[in-house]
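**Student:** here you go, sequence then predicted model.
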Amino acid sequence: MKPLRAFWRLLGAAPRGRLLSFILLMTLGSLTEGIGLLLLVPLLGALGETAGGFAVGEALPSSADAGGTGGGQGNPLIEGLVSGLSWLGLTPTVGGLLLAFVGLVVLRSAIQFGRERLGISLQYRLVDGLRLRAYEALLGVEWRWIAAGRRSDQANLLLTDINRVGVGLHYGIGLLATAVTLTAYLTAALVLSWTMTILVLASGGLVFALMARQRRHALSLGYALGEANRELQSRVQESLAGIKLTKILGQENRHLAQFGQTLARLRDRQLRFATSTSLSRAFFQVVGAGLLATYLYVGLALWRLPVPELLTLVLIFSRLIPQFIAAQQQIAHWLHALPALEQTERLLADCRDAAEPIVEATTAMGAAPATTPWPIEEAIALECVNLTYAGRDRPALDGVTLRLLARTTTAVIGASGAGKSTLADVLMGLLTPDAGAVTIDGEPLIGARRHAWRQSVAYVPQEVFLFHDSIRHNLLWGGPESDEAALREALERAAADFVFDLPQGLDTLVGDGGVRLSGGERQRLALARALLRRPSLLILDEATSALDRENEARVRAAIEHLHGDLTLVLIGHRLATLEHADQVVVLEAGRVAAQGTWEQVRPDLAALPGDLIGAGLRDG
Ligand SMILES: Nc1ncnc2c1ncn2[C@@H]1O[C@H](COP(=O)(O)OP(=O)(O)OP(=O)(O)O)[C@@H](O)[C@H]1O
């Protein structure tokens, strides 16, 4: 990735008005800096010529009557500045010049304040814009792509990598300001002595070239830091997710040691970058002092420059050197952050390639996914559906042909790994088959229709996910418009009326992922949330696995009550639910091994190998 091009591309997303204001402030700041420095020349000249006996209000000797070589006489720009002051009615006195000088410093400070504020707000805007784009891209991508990636890498990118881009951008914007200031200093120096300026440019260029290795080092450390950050993120996420297991297994020390090692690797890389930047700063300071002494010697002894000019030049160069050091540091920081930007842009490009098509409707808020309900009139049909996950030889679904009639109940059973959840994902339009077709009332479930179809589907998985929020807000994810009565009805139908016995009722916080509730309570809340959605297709994936017999019976009664209202798919082993299904589908290694009513498939089950039915089924 070309560093300069990447910077402009990133900056290109900034609002034009703000960017132009920033550039204007940067230029004005540098202009005041340059003019302020040039005003010092006549001042120093006047002070020198009068050997300290000058009254503050006395006019400066004009170029005509001075006759000397110091004080900028003969230099058209400085004379122009002085006569500019006279034209404004300000007699160029020592006091006047001093006042003008202080005035310029005040003005420059105000401009600098504005510029820095604008620079930071630009940086935050660009970083947040990038973060939002990355998040939006992740949300809009095909499920298959998300499932194949690592959640911790995605979290790392959204949080740490984009933060690093922000830091890089901060230095990049700083570099712009430094470049403009450097230009102003060099222009001021050029006005005073072009030979000296060329000497400065040549020596500065040489030092800059010598530091190329440090810049390459910053880039490679940027890549190494990215890896260490990803490792830390995955370590933290995994450790926290598995903290219960860690405690049960008594492996706290092992986790701590691993965490310590990951941290040490991260710190090592950060420290190497900090050392490299500190070293280069120290190197520049020493070289800078040497160069300054050389310029002074050359100016005084060889080129015999007038003292006021020379003093101002030395002042300019003494300010120029820290700016030069800053520029080198800013470039190194930008290069250090470049791998994070590269990673973000790669994610955006990958997400663009794997984006799920969406039909957009125009709303008051702008474009939004269409959410028109999609009722099933006849049937959902699967025709020779094949699906193989990336990196797998064996298909998860192999030539599956099924017909789910509208408002009937289908039970899907099969051994672990038979393909039941994959079938559910295909029915929901989350996964597209590699071959074969899925149709709803004869309409193929492809392209943007898959997203639209999901608005009419509800799914209750075995591992229920609840947001760290109140029960009410968790339920409203299912039906945002639901009123109190609708919430109560859904909770009662899902046998989740335990909510009303809680001290805070619907406003009870459920904890991270619903950790403050039992597994069975979570399942019943998830069912209530699904019912609020008023779906055309409801898929329950082992949705009663965590329930005790009493609550399972209640949920089963609720499910039986739904029979005929909507199209139901029950994935599970429990005989009691299977018996009430209109059809039972038996999957084995991704194939349909048997299909029909429970009485029809029952004899086939005995012939199938392995523990297909499971103890739960035999128990009923
Ligand atoms: N994201 C994935 N990447 C690769 N392979 C996968 C993925 N998800 C599932 N599989 C594989 O696909 C096959 C079918 O898995 P699936 O989860 O559909 O089975 P299942 O019948 O739902 O199993 P269980 O009852 O244990 O939940 C299995 O061999 C599984 O290892």
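**Tutor:** Great, that's in hand.
**Student:** show me what contacts residue 408?
**Tutor:** Contacts for residue 408 were tallied using CB atoms under 8 Å, 6 or more residues apart in numbering; they are 567, 568, 582, 583. C-betas here are computed from N, CA, C, even on glycine.
**Student:** report how many residues lie close to residue 317.
**Tutor:** By the measure other CB atoms under 10 Å, the count of residues near residue 317 is 23.
**Student:** packing partners for the host helix or strand of it?
**Tutor:** Using DSSP states H and E, residue 317 sits within helix 307-353. The helices and strands touching helix 307-353, judged by 3 or more CB pairs under 8 Å, 6 or more residues apart in numbering; DSSP states H and E, are helix 3-11, helix 16-49, helix 94-139, helix 162-192, helix 194-210, helix 212-241, helix 252-297.
**Student:** can you pull the phi/psi pair for the residue in the stretch 151-300 of the chain that the ligand sits nearest to?
**Tutor:** Using CB to the nearest ligand atom, the single residue of the stretch 151-300 of the chain nearest to the ligand is residue 151, 12.3 Å away. Torsion angles at residue 151 (phi, psi; degrees, to the nearest 10) stand at phi -60, psi -40.
**Student:** report the separation between the nearest residue to it once chain neighbours are set aside and residue 390.
**Tutor:** Excluding its sequence neighbours, the residue lying closest to residue 151 (CB to CB, 6 or more residues apart in numbering) is residue 237, at 7.0 Å. Distance, residue 237 to residue 390, by CB to CB, to the nearest Å: 22 Å.
**Student:** more neighbours: which of these two?
**Tutor:** It is residue 237, of residue 237 and residue 390, that has more neighbours when counted by other CB under 10 Å, with 16 against 8.
**Student:** list the contacts for that one?
**Tutor:** Residue 237 sits in contact with 151, 152, 155, where contact means CB under 8 Å, 6+ apart.
**Student:** which of these count as buried?
**Tutor:** By neighbour count, with 16 or more other CB atoms under 10 Å, the contacts of residue 237 hold 152, 155 as buried.
**Student:** just send the contacts of residue 237 back as CSV, with pLDDT too.
**Tutor:** Listed next are the contacts of residue 237 as CSV, based on pLDDT from 0 to 100:
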residue, pLDDT
151, 87
152, 89
155, 90
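**Student:** so which of the contacts of residue 237 comes closest to residue 426?
**Tutor:** residue 151 (22.3 Å; CB to CB).
**Student:** and the closest one, how far from residue 572?
**Tutor:** 27 Å.
**Student:** give me the buried positions along the strand or helix carrying residue 570.
**Tutor:** Using DSSP H and E, residue 570 maps to strand 567-571. In terms of neighbour count (16+ other CB under 10 Å), strand 567-571 has its buried residues at 567, 568, 569, 570, 571.
**Student:** show me the contacts for the second one.
**Tutor:** Under the criterion of CB under 8 Å, 6+ apart, the neighbours of residue 568 are 408, 409, 410, 537, 538, 539, 540, 559, 562.
**Student:** can you list the domains in this protein?
**Tutor:** 16-352, 379-619 (automatic domain parsing).
**Student:** pull up the distance across stretch 202-219, start to finish.
**Tutor:** 26 Å (CA to CA, to the nearest Å).
**Student:** make 5 the first number, not 1, from now on.
**Tutor:** All set: I'll call the first residue 5, so the last point we hit is now stretch 206-223.
**Student:** average model confidence for it?
**Tutor:** Predicted confidence along stretch 206-223 averages 89 (mean pLDDT).
**Student:** just stretch 41-54 next, same as before
**Tutor:** 64.
**Student:** related to what we said a few turns ago, closest one to residue 9 among the domains of the chain?
**Tutor:** Per CB to CB, nearest to residue 9 of the domains of the chain: domain 20-356, 10.9 Å.
**Student:** report the distance from the closest one to the chain centre.
**Tutor:** 25 Å (CA atoms, centre = their mean, to the nearest Å).
**Student:** cool, and stretch 582-597?
**Tutor:** With CA atoms, centre = their mean, you get 43 Å for stretch 582-597.
**Student:** show residues contacting it.
**Tutor:** Contacts of stretch 582-597 (CB under 8 Å, 6+ apart): 398-406, 409, 412-419, 421-424, 426-427, 564, 567, 574, 576, 598-602, 604-605, 608-609, 612, 616, 621.
**Student:** which of those come close to the ligand?
**Tutor:** 400, 418, 421, 422, 423, 424, 426 (CB under 6 Å from any ligand atom).
**Student:** strands - which of these land there?
**Tutor:** residue 418 (DSSP state E).
**Student:** got a PyMOL select line for the buried ones in the ones next to the ligand among the contacts of stretch 582-597?
**Tutor:** To isolate the buried subset of those in PyMOL, counting by 16+ other CB under 10 Å, use the following:
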select buried, resi 400+418+422+423+424+426
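**Student:** which stretches of the stretch 505-624 of the chain aren't confidently modelled?
**Tutor:** 550, 577-581, 610-624 (pLDDT under 70).
**Student:** let's see it at 80
**Tutor:** The model of the stretch 505-624 of the chain has pLDDT under 80 over residues 516-519, 547-562, 564-565, 576-584, 606-624.
**Student:** how about the strands in it?
**Tutor:** Assigned by DSSP state E, counting those that start in this stretch, the stretch 505-624 of the chain shows strands spanning 541-545, 571-575, 587-592, 595-600.
**Student:** gap between the last one and the chain center?
**Tutor:** Averaged C-alpha coordinates place strand 595-600 at 46 Å from its chain's average position (CA atoms, centre = their mean).
**Student:** then the second one?
**Tutor:** Centroid separation for strand 571-575 versus its chain: 38 Å, with CA atoms, centre = their mean.
**Student:** adjacent strands (with direction) for it?
**Tutor:** The pairing partners recorded for strand 571-575 under DSSP bridges are strand 413-418 (parallel), strand 541-545 (parallel).
**Student:** swap in the last one?
**Tutor:** The sheet places strand 595-600 alongside strand 587-592 (antiparallel), with pairing taken from DSSP bridges.
**Student:** can I get the contacts of residue 241 in TSV with distance to residue 329?
**Tutor:** Shown next, in TSV, are the contacts of residue 241 (distance: CB to CB, whole Å):
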residue	distance to residue 329
155	42
156	38
159	36
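**Student:** show me where pLDDT drops low in the stretch 155-304 of the chain?
**Tutor:** Using pLDDT under 80, the flagged stretches of the stretch 155-304 of the chain are 196.
**Student:** for the closest residue to residue 192 other than its chain neighbours, what are its contacts?
**Tutor:** Among residues not flanking residue 192 along the chain, residue 38 sits closest, at 4.5 Å (CB to CB, 6+ apart). Remark: with contacts taken as CB under 8 Å, 6+ apart, residue 38 is in contact with 188, 189, 191, 192.
**Student:** how close does residue 485 sit to residue 536?
**Tutor:** Counting by CB to CB - residue 485 and residue 536 are separated by 9 Å.
**Student:** who's more crowded, the two?
**Tutor:** residue 536 (24 against 7).
**Student:** if I look at the more buried one, how far off is the ligand?
**Tutor:** Distance, residue 536 to the ligand, by CB to the nearest ligand atom, to the nearest Å: 26 Å.
**Student:** wait, what's in contact with that residue?
**Tutor:** 479, 480, 482, 483, 486, 490, 491, 494.
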